[in-house]
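Asker: Predicted model and sequence follow; I will ask about them next.
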Amino acid sequence: MTADRRGLALYIHWPFCVSKCPYCDFNSHVRQGIDEAAWAEALLADLAYEADKLTGRTLTSIFFGGGTPSLMPPWLVEQLIEAASRYWTLAPDCEITLEANPSSVEAANFADLAKAGVNRVSVGLQSLRDEALHFLGRAHSVTEALGAIAIAQRQFARVNVDLIYARPDHRADAWEAELTEALALETGHLSLYQLTIEPGTRFETLVRDGTLTPLDPDEGADLFELTQAMTSAAGLPAYEVSNHARPSDESRHNLAYWRYQDYAGIGPGAHGRRGGLATMRHKKPENFLSAVTRNGHGAQEETPLSQAEQAREALVMGLRLAEGVDLARVREMAGGEVVDRDKMGRLERQGLLTLVQDHVTVTPAGMLLLNSLLAEIVVI
């Protein structure tokens, strides 16, 4: 049992969706009937188990992810927040985020979710073009989405919008117009993701059989650079590869991941990092419920991470951030050198990263090549 006063983030996974989007590789499931009382009991039990392992912490953020958490009954959201506040001390500015689809049915719950304690909502618009929404398998229209955003901005202090760009045949002028409209919504945070073809998705099948042709990577890079320029000019610079925010409006919860702080993960398929342990819950909803009934919790694995593994994770996650990484901290975690200094020097001369004493940041140009940069410089 770990007892200390460091900050802690809590992730709660709700695995259910109305339908499965063709690009999605998240742990989401479509079920005809959901026993809400059984799920409340299971999630509360899983939360109690994790809290017993992480006593005395200050909870800095709670994140309801999915799946589609806006399908959760607000009374269950409230019960989980109340339970978390009993187990831990909630920071005065604790960020409580819930992911939501912009359907009118789910937007109707926004007022009750705000009363339950949610103070930040992340709305999955994905596009401001109806034809793109159809392509992405989304059930809402642009009109419905804009209505949901208006409701969200009345009910929540902070609102994020998710959009997917670099779709097949997506041109710069079209994305510029769409992003201009998104910026005009005046949310404090935008998550802007290039469409990627993930293994096991419907889109992967379509690419494999030649029905779908992804956007050329060079064109995607041009759209990425356009995105960085437009969001910076609008006062929402990128603070992570795909995330843009006004100063002080960054997602505190996601920063906890990227800064490699402890976070508890409960619910089907949820991951966590607890004092050097990598935790993972059973992914399939039915298996998760069975595990809670059998063991009192949904944990499938609790794997000790070596110092080198923790240092590598901290480095790889931290380099996604515009603020960069303190190499001294990572070196102390690993007990030795963590990067190839010669290769870093070459990449710095190419304008792909910046090294000032022991602090490294990846430049905007380097972010385009982040995975290949990591493969070159990380030696642990």
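Answerer: Yep, it's here.
Asker: mind showing which ranges of the chain have poor pLDDT?
Answerer: Residues of the chain that meet the criterion pLDDT under 70 lie in 1-5.
Asker: Domain parsing of it, as residue ranges.
Answerer: Structural domains annotated on the chain: 2-258, 307-377, as defined by automatic domain parsing.
Asker: Now render those domains as CSV, adding mean neighbour count and distance to Glu301.
Answerer: In this view, the C-beta of every residue, glycine as well, is placed from N, C-alpha and C. Below are the domains of the chain laid out as CSV (neighbours: other Cβ atoms under 10 Å; distance: least, Cβ to Cβ, whole Å):
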stretch, mean neighbour count, distance to Glu301
domain 2-258, 18, 14
domain 307-377, 17, 14
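Asker: Reformat those as JSON lines; add distance to Lys284.
Answerer: Rendered in JSON lines, the data for the domains of the chain read as follows (distance: least, Cβ to Cβ, whole Å):
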{"stretch": "domain 2-258", "distance to Lys284": "8"}
{"stretch": "domain 307-377", "distance to Lys284": "26"}
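Asker: which stretch among these comes nearest Leu289?
Answerer: The minimum distance between Leu289 and those falls on domain 2-258, with 5.4 Å, by Cβ to Cβ.
Asker: Now do the strands in the stretch 1-150 of the chain.
Answerer: Per DSSP state E, counting those that start in this stretch, the stretch 1-150 of the chain carries strands over the ranges 2-3, 7-14, 54-55, 58-66, 89-100, 120-126.
Asker: just the stretch 151-300 of the chain next, same as before
Answerer: Read by DSSP E, counting those that start in this stretch, the stretch 151-300 of the chain holds these strands, from start to end of the chain: 158-165, 189-194, 238-240, 243-245, 263-266, 271-274, 277-281, 299-304.
Asker: Name the residue most distant from the centre of this structure?
Answerer: Here the centre of the chain is the reference, and by Cα atoms, centre = their mean the most remote residue is Asp342, at 33.0 Å.
Asker: mind saving the C-alpha coords of the helix or strand harbouring it as CSV?
Answerer: Under the assignment given by DSSP states H and E, the secondary-structure element containing Asp342 is helix 341-349. The C-alpha trace of helix 341-349 is given here as CSV (Å, rounded to 0.1, in the frame of the first residue of the first chain):
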residue,chain,number,x,y,z
ARG,A,341,24.0,12.6,-27.5
ASP,A,342,25.8,12.4,-30.9
LYS,A,343,22.5,11.7,-32.8
MET,A,344,20.8,14.4,-30.8
GLY,A,345,23.4,16.9,-31.9
ARG,A,346,22.9,15.9,-35.5
LEU,A,347,19.1,16.3,-35.2
GLU,A,348,19.5,19.6,-33.5
ARG,A,349,21.6,20.9,-36.4
